[in-house]
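Student: Okay, predicted coordinates and the sequence, questions at the end:
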Amino acid sequence: MTTTLDLQKLAHDIKQWGQELGFDQVGITDCDLTSEEPQLESWLAQNYHGEMEYMARYGLMRARPAELQPGTRSVVSARMNYLPPLAKIAEVLDNPTQGYISRYALGRDYHKVLRNRLKQLGERIQHATSDLQFRPFVDSAPIMERPLADKAGLGWTGKHTLLINQQAGSFFFLGELLIDLALPVDEPTQPSCGSCSACLQICPTGAIVAPYQLDARRCISYLTIELDGPIPEEFRSLIGNRIYGCDDCQLICPWNRYAVTSAEHDFSPRHELHTPKLLTLWSWDEKTFLKTTEGSPIRRIGFEKWQRNIAVALGNGPVSDEVIQALQAKQGETTELVQEHIDWALQQLQTKQIADNKKRARLIRCIHKGLPEHA
């Protein structure tokens, strides 16, 4: 029979094994998320989950890991940094001719990477205890991973609803191992957002409607990844050149001054996705898209949504004959969804072109009259 002393040692060993497998931190908690249930019910009642029907389908099971995996007594929560050493975030965001992809999606699909490591961790624990039952999860089941990681001491929940670690910022993935053994639990960390509200102010679409409250329907990550239909017109110009996800609320967070870059080779940026030209991405056919995004989380949105997102970004970019011709070339050759966004992009570019022509004409008149440009 496992003694209390054995459990203390096992908990210590689990954290050590986790680091050996590439996790940056491992914590342990129980599976009681009762305190999260009212907030979850309120979030769903306000329809903040949008078209993510699976969020509502499982209801409060998301806050009850023991219902998801009967017999669960402890949760091993792990995090793994993903920010590449040369993230080139500002370089891409500041260049409207390039497409910005959330930095977590530049490399291999994190689901596969973390789940494989968690499975190995579970097997090590199983070997040490002989009769352990475990099940790994990585954003793949109705489970509230952020509150569990919060309870396990991996960080605190920021006002943008993401987990923040005082020594590592927030650019990391989370995964869980549900086990049927009661282990000593870790203490949660102290929330340290203070009076800062930078993430609320920076969000391009106002998706963080209040501290700790995210309306996913307004979030660029939701709009470019989860949403299947047309992107609402009110948000299209606000998306800018973000074609897959958004990192703004993390980029502005003061704690990400301490963000730790990842040494994990699987998360290294793919050349075609790191600083991509929008026109190059627009020129891809579906075969190229599938080949280039093989093993990438981007692949799951499909070619149609990929084209939809790029069309919006092109419409938000600078006017050029090359861009206009590239958009026009696909008219009548794509789906109704993509066509709607091509039409919008062309209208945006036309409007900007008219404004540019008026400004140029005014400048010429001022020069001829010898007046200052702003006259």
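Tutor: Done, it's in.

Student: Which residue ranges make up each domain of the protein?
Tutor: Under the assignment automatic domain parsing, the domains of the chain span 4-84+106-179, 278-375.

Student: winner for burial among those?
Tutor: Most buried of the domains of the chain, by mean neighbour count (mean count of other CB atoms under 10 Å): domain 4-84+106-179, with a mean of 19. For the C-beta atoms, the positions are set from N, CA and C on the backbone; glycine is no exception.

Student: And the helices in the stretch 251-375 of the chain, which stretches?
Tutor: 271-274, 278-282, 286-292, 302-316, 321-329, 336-369 (DSSP state H, counting those that start in this stretch).

Student: so how far is residue 72 from residue 114?
Tutor: According to CB to CB, to the nearest Å, residue 114 stands 19 Å off from residue 72.

Student: Over to residue 297?
Tutor: The gap separating residue 297 from residue 72 is 27 Å, by CB to CB.

Student: Identify the residues contacting residue 326.
Tutor: Residue 326 makes contact with 279, 282-283, 314, according to CB atoms under 8 Å, 6 or more residues apart in numbering.

Student: Actually, residue 330.
Tutor: Applying CB under 8 Å, 6+ apart to residue 330 gives the contacts 282, 307, 338, 342.

Student: Pick out whichever of those sits closest to residue 100.
Tutor: Distances from residue 100 to the contacts of residue 330, taken as CB to CB, are shortest for residue 282 (14.7 Å).

Student: rewinding a little: would you single out the least confident of the helices of the stretch 251-375 of the chain?
Tutor: Among the helices of the stretch 251-375 of the chain, helix 336-369 carries the lowest mean pLDDT, a mean of 81.

Student: Can you name the helix or strand that the closest residue to residue 124 other than its chain neighbours falls in?
Tutor: In space, and not counting its chain neighbours, residue 124 is closest to residue 17: 4.9 Å by CB to CB, 6 or more residues apart in numbering. Using DSSP states H and E, residue 17 sits within helix 4-20.

Student: Which elements pack onto that helix?
Tutor: Judged by 3 or more CB pairs under 8 Å, 6 or more residues apart in numbering; DSSP states H and E, helix 4-20 is in contact with strand 25-29, strand 74-81, helix 110-129.

Student: okay if I get the ones you listed as a markdown table plus distance to residue 227 and mean pLDDT?
Tutor: Output for the helices and strands packed on helix 4-20, formatted as a markdown table (distance: least, CB to CB, whole Å; pLDDT from 0 to 100):
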| stretch | distance to residue 227 | mean pLDDT |
| --- | --- | --- |
| strand 25-29 | 33 | 98 |
| strand 74-81 | 27 | 98 |
| helix 110-129 | 20 | 96 |
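
Student: Now render those as a markdown table, adding distance to residue 164.
Tutor: Shown next, in a markdown table, are these (distance: least, CB to CB, whole Å):
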| stretch | distance to residue 164 |
| --- | --- |
| strand 25-29 | 13 |
| strand 74-81 | 11 |
| helix 110-129 | 19 |
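
Student: Grab the nearest non-local neighbour of residue 236.
Tutor: Distances taken as CB to CB, 6+ apart put residue 312 closest to residue 236, at 5.1 Å, once the chain neighbours are dropped.

Student: Hmm, the one you found is touching residue 347, no?
Tutor: No - Residue 312 is beyond contact range of residue 347, at 11.9 Å (criterion: CB atoms under 8 Å).

Student: rewinding a little: would you mind putting the helices of the stretch 251-375 of the chain into TSV with distance to residue 127 alongside?
Tutor: As requested, the helices of the stretch 251-375 of the chain are exported to TSV (distance: least, CB to CB, whole Å):
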stretch	distance to residue 127
helix 271-274	38
helix 278-282	46
helix 286-292	39
helix 302-316	41
helix 321-329	57
helix 336-369	50
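
Student: what's the closest of those to residue 249?
Tutor: Going by CB to CB, the one of those nearest residue 249 is helix 302-316, 19.1 Å.
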